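Peer 1: Turn this into a model:
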Amino acid sequence: MTVTDEEVLAAGGEMHSECAHIVPDSTYFNVTANSPDKKDYSASVLAVLKRFGYNVDNLNGEKVHSLFNVMTMQRDVHDLFDRLELWFEKTATPNCYNVQKTILLVTPDQVTFTTPDPDKLPLPSPDLLALHAACAKVAHLSGAGEYVDRILEDMEQIEVLAYDGTSSDVLYHALMTLGSRAIAVGE
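Peer 2: This next block holds a predicted model:
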């Protein structure tokens, strides 16, 4: 197949892409008695998969490289996907996903996976993509939980707001908390 320079430029230009695993391949390879941390990590990933009802035998050994567990991604997008800072949320349209991310990055709002032969060339697994999305959301929200804890602790300890506005989050949360309480009138 011949592609002209104009067609490449019209499609956004050249880029480098990599094979991205939904469930990381490192979970299943190079685990030895000398690498207890990796063994623990592998066991915890497998436990999460089992807990979500996934048959881990589908990913055991070389099966981790099956087409339902891989896709190609641009390098920077792949890195964000692996760090759970980018994930795909299922839409009502089959094989169509909203692209969600925790950082500012130019990506399409939606992606649709297609294949000319679903039997020989399966699409990425919706179940694995949903599991990846759930893990990404938990990882993202755990940071939010730490933030809220810090604000609540600051509300208890800060006696005077900072003159430079750095304690504005504490003031905002305190006002929102007061605003959400019921106020008895005329008592």
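
Peer 1: after the lowest-mean-pLDDT helix or strand in the chain, next one along is what?
Peer 2: The helix or strand with the lowest mean pLDDT-type score in the chain, counting by mean pLDDT, DSSP states H and E, is helix 36-51 (a mean of 58). In the C-terminal direction, the helix or strand that comes right after helix 36-51 (DSSP states H and E) is strand 70-74.

Peer 1: Return the set of residues that bridge with the nearest residue to residue 137 once chain neighbours are set aside.
Peer 2: Leaving aside its sequence neighbours, residue 137 sits nearest to residue 87 (CB to CB, 6 or more residues apart in numbering; 7.4 Å). (C-beta placed from N, C-alpha, C; glycine too.) Residue 87 has these beta-bridge partners by DSSP bridges: residue 100.

Peer 1: from what I can see residue 87 touches residue 107, true?
Peer 2: No: checked against CB atoms under 8 Å, the pair residue 87 and residue 107 is beyond contact range at 11.5 Å.

Peer 1: list residues touching both of the two?
Peer 2: residue 101 (CB atoms under 8 Å, 6 or more residues apart in numbering).

Peer 1: higher neighbour count, these two?
Peer 2: Under the neighbour definition other CB atoms under 10 Å, residue 87 and residue 107 were set side by side, and residue 87 has more, 25 against 14.

Peer 1: wait, doesn't residue 14 sit right on residue 8?
Peer 2: Yes: if you go by CB under 8 Å, residue 14 and residue 8 touch, sitting 6.2 Å apart.
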